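A.B. asks: sequence unavailable; structure follows:
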């Protein structure tokens, strides 16, 4: 099986549209990499493995697959952006863990373009500190694990830098 991690969104989408890979294969490669690295990096606070696999299968069955600009591209969503069915904690254990009722318009647009939401990324409590350390763990810099990834998008930054998405 070809490893699709570390590829650009453009490369992945072109391969899925052309039938060189399925969205399911792409997502499986990324889920494997997340399973290997996220325990040490702490980029994701929630990995949507089953949901992402199901979403990838649905992308592969879409009639408009050949036109999707993000066909099968795995994306991470910061835990400050609503994703239907997922809690949005904004890095705080003080906020309720009730699932969101609907996707934020950004997530709606990503999914409409064929992207697959693979997980929710860590951020500092209420997104206000210059380091990514929350009730859900510390996000480490993939290039120097002695350091935090930093800032309110630290989990997202670490996920991209480590080729998790």
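C.D. replies: Everything's here; your move. Only a predicted model underlies this, so the values are computations on that prediction, with no experimental measurement involved.

A.B. asks: please make it C-alpha for all contacts and neighbour counts, starting now.
C.D. replies: Noted.

A.B. asks: give the helix, strand or coil label for the residue nearest to residue 127 when sequence neighbours are not counted.
C.D. replies: Leaving aside its chain neighbours, residue 127 sits nearest to residue 152 (4.8 Å; criterion: C-alpha to C-alpha, 6 or more residues apart in numbering). Secondary structure, DSSP: H, G, I helix; E, B strand; the rest coil: residue 152 is coil.

A.B. asks: how many other residues sit next to residue 152?
C.D. replies: Residues lying near residue 152 (other C-alpha atoms under 10 Å) number 25.

A.B. asks: give me the element residue 106 is part of.
C.D. replies: helix 105-112 (DSSP states H and E).

A.B. asks: now that helix: buried residues?
C.D. replies: Within helix 105-112, the residues that qualify as buried are 107, 110, 111, counting by 16 or more other C-alpha atoms under 10 Å.

A.B. asks: and if you look at stretch 155-165?
C.D. replies: In stretch 155-165, counting by 16+ other C-alpha under 10 Å, buried: 155, 156, 157, 158, 159, 160, 162, 163, 164, 165.

A.B. asks: go on, stretch 81-99?
C.D. replies: 81, 82, 83, 86, 87, 88, 89, 90, 91, 92.

A.B. asks: and the residues you listed, which two are furthest apart?
C.D. replies: Farthest apart among these by C-alpha to C-alpha are 83 and 92. That separation is 16.6 Å.

A.B. asks: which stretches in the chain count as strands?
C.D. replies: Ranges of strands in the chain, per DSSP state E, are 44-47, 74-78, 116-121, 133-134, 137-138, 140-141, 144-148.

A.B. asks: the longest one pairs with which strands, and in what direction?
C.D. replies: For strand 116-121, the pairing partners within the sheet under DSSP bridges are strand 44-47 (antiparallel), strand 74-78 (parallel).

A.B. asks: winner for burial among those strands?
C.D. replies: strand 74-78 (a mean of 24; mean count of other C-alpha atoms under 10 Å).

A.B. asks: pull the residues that contact it.
C.D. replies: 26-27, 30, 83, 115-123, 153, 155-156, 159, 165 (C-alpha atoms under 8 Å, 6 or more residues apart in numbering).

A.B. asks: so that strand versus helix 105-112, what angle?
C.D. replies: 170 degrees (axes from the mean of the first three to the mean of the last three C-alpha atoms, to 10 degrees).

A.B. asks: excluding chain neighbours, what is closest to residue 97?
C.D. replies: Nearest one to residue 97, counting by C-alpha to C-alpha, 6+ apart, is residue 87 at 4.9 Å.

A.B. asks: and residue 136, what pLDDT?
C.D. replies: The model reports residue 136 with a pLDDT of 89.
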